[in-house]
Structures are given as structure tokens and as C-alpha cells.
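**Student:** Sequence and predicted structure below; questions after.
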Amino acid sequence: MSANVNTSLPLEYQTEQSRMNILGFWIFLGAEIVLFATLFSVYGVLYKNYAGGPTHQDIFMIKEVMIQTVLLLTSSFTMGVAIWEMRRNNKKGLIGWFILTLLLGAGFLFMEINEFIHYVHEGATMQTSAFLSSLFVLLGTHGAHVTFGIFWATMVIIQIAKRGLTPVTARKTFIIGLYWHFLDVVWIFIFTFVYLKGMVL
Amino acid sequence: MGIKWDEILITGDPIILGSQIAILLTTLGIIGGLTYLKKWTWLWREWITTVDHKRIGIMYIVAAVLMFFRGGMDGLMMKAQTSRPEMSFLDAQHYNEVFTAHGVIMILFMAMPFLIGLMNVVIPLQIGARDVAFPQLNALSFWLFFSGAMLFNIAFVVGGAPDAGWTSYFPLAGKEFSPGIGNNYYAISLQIAGLGTLMTGINFIVTILKMRTKGMTLMRMPMFTWTTLITSVIIVAAFPIFTVALALMTFDRLYGTHFFTVAAGGSDMLWANLFWLWGHPEVYIVILPAFGMFSEIISTFSRKQLYGYKSMVVSIVAIAVLSMLVWVHHFYTMGSGALVNSFFSITTMMIAVPTGVKMFNWLFTMRKGRIKMTTAMLWSLAFVPNFVIGGVTGVMLAMGAADYQYHNTLFLVAHFHYVLIPGVVFAVFAGLYYWWPKMFGFMLNEKLGKWHFWLFVIGFNVTFMPMFFLGLNGAVRRAYTFSAESGFAPLFLLSAIGSVILAAGFAVFCYNIYWSIRYADRNISSDPWDARTLEWATASPVQHYNFAKLPEVKSLDAFWYMKKDNEGLTLKDEEIEEIHMPSNSGLPFLMCVAFGIVGFFLIFEWHLLAAISAVLIIAGLIYRSFDYNDGYHIHKDEIKKTEGAWRKMEGKVNNHVS
């Protein structure tokens, strides 16, 4: 299986096992889309059930959310640059941009945690109403994915530093890249259907 | 965290006490037996750490047969309780727990693993591959299923069994109405097992898309491979919905959120919708692989190519699409209005069309075939009329207006047993009799097989046919007893008698396994049925690398034409190359233990302990990330020896096609 190496392809696609891993991960992302679609539907059903608790307008902080959005979208760009550096076989550049990506991700996370703390201080907890339950779980699932991604990527950075760019580390990096861009796409939907819609409608 | 030590072990019920003693003795017996026979290292090396798809498949099947026993016992207890009016064998609460366990176990821990087990054994062989795409992930899938299954199974002796039905409808399943920890078992253990299933789905899609041998185009794939592919797609599309539903249930029960509660704006029907958005596709996840097995078996024993291959493929794809569009038919009585109910009535009835196409294809495959009445074929023959009864009553239930009459009655219970037992149970029995020689190198006894068949099929009909009439007469499901004045007694008694015959059939099946292991003829051909697909082109039991030389496929029923044209059956010495194989790993099993521990603590709502032990799971993931084990190569000499052994034998073995 690992024997047939096709060097005309980019490093991450060179072995058959790598090609299968990448396809498998795409399919996994398909499952993730269903997962988030379900959470969005739940939010769509429950988002007006305030049960006398705070509403969207009462708690949302648009400035902070904008900063979060900029941080995460920029991190998607730096992730793209990291993969570009990988394709150029520039290990240093890859690690540098990769770390920058994770720092931006961590910044996003810091803001999101602060946002949650703010909500709780406003008396808007997960237990207050169905709207808030669905809000916290939708945002929290995305945030948990970002957290997981940061730890996972850290493992991979250590492996690149130790082993250099091999078909295996390149594939691992590429797959995290897919994951990271996916989280960005999910955030765009959250920004639109949760924050924008919540503030405007 | 307020651990109430005295409430952990369930006490005070003689049946449960008996089970506890039986579990204890069985565990001691297994541990003692393994120690006495010095089999611990064998068990660890050959089975627990294996990544071989065939062995993983066999472990799935063993687990499924055990779960069949457990679920069957639950079924018998229900039948005993309702055999006479006003019986007091089980009280209402215990009856609730028993039917919940029966439903969950039979669907998720019997039907699913049985089918996935057979898929694991057969699919890589059918497509001419040496393993699945991700062998270690495959092992993890099995062990997560096992972890979830074991957690669910200990519920009734440790902490309390879930009692809200296998559908666990809210608000009943919520903290407000079910304050005990029983339903936590449902939420957590199904979540763990579901993760494993999702990974299986991904694994098989990649395997089938990427690892087919040379010449096997999509339209040359055996039908079982096709159905497995489509099933895997449904798994990936449907299981995340269940993941979310269970997670929200967990949040509601453990952390006081309001997704499905009556108070604070929650919506109980949201659970019903999410559950069936997964639950209905789940029905097709279990039925499609079964259809695939019947296709293989009917084609083999009619000694004809499958009739209407292309229409079969179109039908399964159509069924897969429609399976996502029918979920509301499980609760027409929700009251969503005539328009919505009509839409779902129509989509539901539309499923009968591709299913009907498949029925006719099977019949036409048999037409003018030289049919061999083996046990596997008998199951397939019995499937056709019995499944049609299930299907026709399904169309009756599909009518939204009429459904108000049938809803929640035994008519429905009879319907889905008529679909699931002929559709899935007959299929896994047929598949087991058919592929058993491939797995173990000897056959299950055909004579005992026929006893198993007749007892089971007659028992099944006697058990469930009366329930149609009981249901139409107004007997509701999930009721633990009935009055003598209702007039239900004779039919209930008949049904109970049927269940005893059914159980006798299962007992013969178990005895058959025992008998065949001890006495069956070991000197059989690697192709005892004169079959048509590639899994029969290699040794029985299959050597761990599957094929010394990957076969080349030129048409459908590749092996049949290889035999007919006498092509590609021999192996020359110079064709032998070193084969790369993945290494065994203990990690999947350790992850099973870690998930089991975390799950257990979560079920008991000991959050601190759960958080601490979650470190085990994280450690496992980190270990896996840094694991660069690249497998090993099998030497040519070893392959030469193994191949020589079975190929030389072939001339003088017993062929069992009569």
C-alpha cells in the first residue's frame, strides 16, 4: 500500500494511504456538516423561545463579535499561506504561518470565552431558556472544535519540527488545513444566522 | 459529588438478583477458563489487538449473537408477562425497562453489529482488497461499539435501566419525569457506540471507492458491496443527527438545559423529529446490507446472474434518498396538518416502488434457475413472502389518515417485526450459513440448520401474526397487561406460544454452532457453494493477507467467469511479491476502556471523575498522533508456503454443492 509513491503529485497526495486518508477526512467533514446543520436547525426552531429571559438584542456585543470574526477569518488566510509554504517545501515558513494561525485561533477563543462570561453575568445562562440553550450549544460546539483543532495542530507542528516534511507530516498538515477552513465556513454561518439575524431581525 | 453508594447496585428484585448472580458466575467462569487454559496472551495477541478485518468481523458477530440472546430473553419476558390477563410476573416499571432494553439492544447492538460484522468479513474480499482503508480505525469502531454495548447492558444491574422506550420520547425521558440515572445510560452508551458506527461508515466508503481490485468498475461490484456502499453513505448522513440529539438529551438531563423540556420554551416534539430523522434512515441502514446478502445468496443458489442488476442499483440509491424524506410518518398524530401528513404519506408509499422492483428482481433471478435448497437459500426464500407482509402493512400504516387508528397499537409492532425479522434476522442467518465456511473453514450443519430454519420461521409467524389482529382490535403497545374482559387473551397466549417456538429455533442455532465446531468436516473446498464472487477465490479460512495476487475482474460475477474460463485461478511463483500489512495495536481496546470509564462516570453524573478520566481519551489520541508504526512486510517464502498448503489440497476436498 505505502509502497507505490507517485512523486509527480504534491507531497501530501503521494502515497495511496495518504490519498485515502484525505478522502476519508472529506467524508468526515460531510458528517460534520450534517452535525452543524442539525445544530443550526435546532437553533432555528428554538431561537425565539426566550421564556421571559434575555433576547438577542439584550446580550449580543457586536463589536466583540466583529473582532472574533476578523481573527478567525484571518486565521483561515494564514492557514492557506502555511499550506502554500508547505507546497514550496519551506518548513520554516510552514511552521511560522501555522503558529500564527493557531495564535489567531487562540485569540478567537479567548474572545469567545469572554463573551460567554459576559452572557452569564447578564443572567443569560444555558439553563435560562431554550433560546439560550441552543445558542450556547451551537457556539460551544464550534468553540470546542477550535479548541480541539489547536491542540491537534500543536501535535502536528511538533512532528513537522522533529521529522521535517515527509509524505506523512504533509498529509497531516493538509488535513488540519481542511479542518480549519471548515470551521471558518461554519463561523460564517454562525455570524450570519445567529449574530446578524439576531441583531437585525 | 454526592455518591449514593447504596443506590449503585440494584437490589430487591428476584429476576435481577438472578441475573446478577449469573453475570458474576459467567465472568468468573470466563476469567477462570482463560487462566486455566493459559489463553490470555492468545486472546490479546490474536483477537483484542487485531486489525484484521476478518477477525474484527468475527468479533462483531460473536457480540451480536450474545446480544441476540440478551434481547431475546427480554422479548420472552414480555411474552410471558402478557401471556395471560393480569399477570404479575413483571410490574409496570420492570416491563418498561424490559421493552426499552429489547428495542435498543435488538436494533443497535444486535442487527447493526451482525451486519457490520458480515460486511467486515466479506466486503474487502469481494472487492479483491487486502484490508479496509483504515484497519486500526476499524478496530476502534468495533471497540467503541463494544464499549457502548457493555455500558448499556450493565444498566439493569448497576444504577437502573432506562425505561422510556427505545425512542426515549420527551418529556417522559427528561429529568422531570425520569429522575433516575437510567436514561443517562441511553444517552451516553448510544453516543459511544454511534461514534464507532460513524467511523465504520467513513471507512467503508473509502474502502469501496478506493480499494477495488483492477477491473472492478462500480457497475461490476457485487450487490452486497453496492448495498454496503450506500448504507455507509446513509450512516454518514444520518448518524451525526443522532449524535446531536443524544448530546442535547445529555445536556438536558445532566446540565439542566431546555431543548426538549416542557418548561422554558423547550420543544418535546423536536426530539421526536431529530430521533426519527436519524431513526428512519437507520431502518434502511439495517435493511440495505440485508438486501445485498439476499441478492448474493439467491444468485448463487439459483446459479444465475442477478436479474436486473442495474435496476437493483438504482433502487437502492432511490431507497437511500427517500429514507431521508419520510421521518414524520412515525408521528402523524403530532398534528402537523393534512398537507404535511400527505407529503410524508406519499414519500413513504414511494419507497414501496423501488422495494417492489427489488422483490421482482429476486423472483426473476430464481425463475428458470436450478435452485439449490441450502439453509441459506431457505432463509432467502422465506424472506420474500414474510417481508411482503411487512411491506404491505407498511403501506397501510403510511396512510396518514388511517394511521390515527393504528398508531401506538400492536398492529405497528407486528408490522415492524415483520419487516425487521424477515428483512434483517433472516438475512444475517442466511449470511452466516453462507459465509461461515469462508470464516472458519468448515460448514454449519445443514440438517440442524433446517431445524433452526423451520422452528424459527414458524415460531416467528405464530408470534407476530396474532399481533396484527390484536392491534386492529385496539391492543396498545407497551402496555404491561390487559384485562380478561378485553377478549385479547387467546391471541396473546398464541403469540406467547409462538415466541417459545421462536426461542427453540434460536437454541437449535446455538447448538448448531457448538456441534459444527466440534464435529463438522474440516476437509471442504474453499468454494463449497460453487459461488460467484471474489471472496470464494481464496482459501477458507482466509489467510491474513487475503490474496497472494490481487485478482483481476473482467465482468460481474468475476469468480464465476474465472472458473468458467479457467483464468486467473493459478498462482505462479514469480507472481508472488512481498505484501505490506498493518501492525496490530492495543490502542483501540484501551480507548474502549477509557470511553467506558468516562461514560460510566458521566452516566452517574460524577462530573469531576469524568473530567479527570477524560485525560485517558486525550492521552490515547496523542499517542495515536505520534504513532508512526508503518506495518510490516510478509516474506515471499511465507506466502509461498501458505498458498501451497491450500492450493494443493483443493483437488481432494469435499465439495458441498449437491
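**Tutor:** Nice, I can see it.
**Student:** what secondary structure does B:K175 sit in?
**Tutor:** At B:K175 the chain is in coil, as set by DSSP: H, G, I helix; E, B strand; the rest coil.
**Student:** Any figure for the gap between the nearest residue to B:L616 once chain neighbours are set aside and chain A?
**Tutor:** Nearest residue to B:L616 in three dimensions, chain neighbours excluded: B:A594, at 3.8 Å (CB to CB, 6 or more residues apart in numbering or on different chains). (C-beta placed from N, C-alpha, C; glycine too.) According to CB to the nearest CB, to the nearest Å, B:A594 stands 16 Å off from chain A.
**Student:** B:I597 too?
**Tutor:** Note on B:I597: its distance to chain A, by CB to the nearest CB, is 20 Å.
**Student:** likewise B:H280?
**Tutor:** Applying CB to the nearest CB to B:H280 and chain A gives a distance of 15 Å.
**Student:** Please, which helix or strand holds that residue?
**Tutor:** Per DSSP states H and E: B:H280 is located in helix B:268-302.
**Student:** Just list what that helix packs against, helices and strands only.
**Tutor:** With contacts taken as 3 or more CB pairs under 8 Å, 6 or more residues apart in numbering or on different chains; DSSP states H and E, helix B:268-302 sits against helix A:16-46, helix B:112-126, helix B:223-255, helix B:309-323, helix B:338-366, helix B:375-398, helix B:410-420, helix B:426-440.
**Student:** buried stuff in the first one?
**Tutor:** Read that as helix A:16-46. Neighbour counts over helix A:16-46 (16 or more other CB atoms under 10 Å in any protein chain shown) mark A:16-25, A:27-28, A:30-36, A:38-43, A:45-46 as buried.
**Student:** Quick one: list the elements packing against that helix.
**Tutor:** helix A:130-163, helix A:167-190, helix B:182-210, helix B:223-255, helix B:268-302.
**Student:** just the third one next, same as before
**Tutor:** For helix B:223-255, the elements it packs on are helix A:16-46, helix A:130-163, helix B:112-126, helix B:182-210, helix B:268-302, helix B:309-323, judged by 3+ CB pairs under 8 Å, 6+ apart.
**Student:** angle of it against helix B:182-210?
**Tutor:** Interaxial angle, helix B:223-255 versus helix B:182-210 (axes from the mean of the first three to the mean of the last three CA atoms, to 10 degrees): 150 degrees.
**Student:** Same question for the shortest one.
**Tutor:** Using the same axes, to 10 degrees, the inter-axis angle of helix B:410-420 relative to helix B:182-210 is 30 degrees.
**Student:** Can you give the distance of helix B:410-420 from its chain's centre?
**Tutor:** 18 Å (CA atoms, centre = their mean, to the nearest Å).
**Student:** wait, doesn't B:I61 sit right on B:L115?
**Tutor:** No. Counting by CB atoms under 8 Å, B:L115 is not a contact partner of B:I61; they are 9.7 Å apart.
**Student:** hmm, back to that, reformat the helices and strands packed on helix A:16-46 into a markdown table and put mean neighbour count next to each item.
**Tutor:** A markdown table is the format used below for these (neighbours: other CB atoms under 10 Å in any protein chain shown):
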| stretch | mean neighbour count |
| --- | --- |
| helix A:130-163 | 19 |
| helix A:167-190 | 20 |
| helix B:182-210 | 25 |
| helix B:223-255 | 24 |
| helix B:268-302 | 24 |
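**Student:** Distance from stretch B:215-233 to the middle of the chain?
**Tutor:** On CA atoms, centre = their mean, the centre of stretch B:215-233 falls 19 Å from the chain's centre.
**Student:** my read: B:M334 touches B:V328, true?
**Tutor:** Yes. Using CB under 8 Å, B:M334 and B:V328 qualify as a contacting pair, with a distance of 7.5 Å.
**Student:** Those two: who's more crowded?
**Tutor:** Neighbour count, other CB atoms under 10 Å in any protein chain shown: between B:M334 and B:V328, B:V328 has more, with 22 against 13.
**Student:** Could you measure from the more buried one over to A:E12?
**Tutor:** In this view, B:V328 and A:E12 are 44 Å apart by CB to CB, to the nearest Å.
**Student:** Show me which residues of chain A sit near chain B.
**Tutor:** Residues of chain A lying near chain B by CB under 8 Å from any CB of the partner chain: A:1-3, A:16, A:19-21, A:23-24, A:27-28, A:30-32, A:34-35, A:38-39, A:42, A:45-46, A:49-51, A:53, A:126-131, A:133-134, A:136-137, A:152, A:155-156, A:159, A:168.
**Student:** for the residue in chain B positioned nearest to chain A, what are its contacts?
**Tutor:** In chain B, the residue that lies nearest chain A is B:G265 (2.8 Å; CB to the nearest CB). For B:G265, the contacting residues are A:46, A:49-51, A:129-131, B:258, by CB atoms under 8 Å, 6 or more residues apart in numbering or on different chains.
**Student:** Repeat that for B:A558.
**Tutor:** Shown in contact with B:A558 (CB under 8 Å, 6+ apart): B:215-216, B:220, B:532-534, B:537, B:551.
**Student:** Just the pLDDT for it.
**Tutor:** At B:A558, the model reports a pLDDT of 90.
**Student:** Mind giving me the packing neighbours of the helix or strand harbouring B:N461?
**Tutor:** Per DSSP H and E, B:N461 falls inside helix B:446-472. Helix B:446-472 sits against helix B:375-398, helix B:410-420, helix B:426-440, helix B:489-519, with contacts defined as 3+ CB pairs under 8 Å, 6+ apart.
**Student:** which one of those helices is the most hemmed in?
**Tutor:** Compared across the helices and strands packed on helix B:446-472, helix B:426-440 shows the largest average neighbour count, a mean of 25 (mean count of other CB atoms under 10 Å in any protein chain shown).
**Student:** For that one, what is the distance to the chain centroid?
**Tutor:** Averaged over its C-alpha atoms, helix B:426-440 has a centre that lies 14 Å from its chain's centre (CA atoms, centre = their mean).
**Student:** Kindly calculate the angle that it makes with helix B:268-302.
**Tutor:** Using the same axes, to 10 degrees: helix B:426-440 against helix B:268-302 is 60 degrees.
**Student:** shaky segments in chain B?
**Tutor:** For chain B, the stretches with pLDDT under 70 are B:1-7, B:649-658.
**Student:** which one in it is furthest away from the centre?
**Tutor:** Centroid-distance maximum for chain B: B:E574 at 42.1 Å, with CA atoms, centre = their mean.
**Student:** List the contacts of residue 143.
**Tutor:** I'll assume chain A. Residues in contact with A:G143 (CB under 8 Å, 6+ apart) are A:109, A:112-113.
**Student:** My question was about chain B, not that one.
**Tutor:** By CB under 8 Å, 6+ apart, the residues touching B:W143 are B:196, B:588-589, B:591-592.
**Student:** What is the most widely separated pair among the residues you listed?
**Tutor:** B:G196 and B:F589 (12.7 Å; CB to CB).
**Student:** For chain A, give the residue positioned nearest to chain B.
**Tutor:** A:N49 (2.8 Å).
**Student:** Which residue comes closest to that residue once chain neighbours are left out?
**Tutor:** Per CB to CB, 6+ apart, closest to A:N49 is B:G265, 2.8 Å.
**Student:** Surely that neighbour is within a helix?
**Tutor:** No. Counting by three-state DSSP, B:G265 is located in no helix; its state is coil.
**Student:** Could you pull up phi and psi at it?
**Tutor:** Dihedral pair for B:G265: phi 90, psi 10, per degrees, to the nearest 10.
**Student:** how close does it get to B:P490?
**Tutor:** Distance from B:G265 to B:P490, by CB to CB: 49 Å.
**Student:** do the same with A:L135
**Tutor:** As judged by CB to CB, A:L135 and B:P490 stand 56 Å apart.
**Student:** Okay then, goodbye and thanks.
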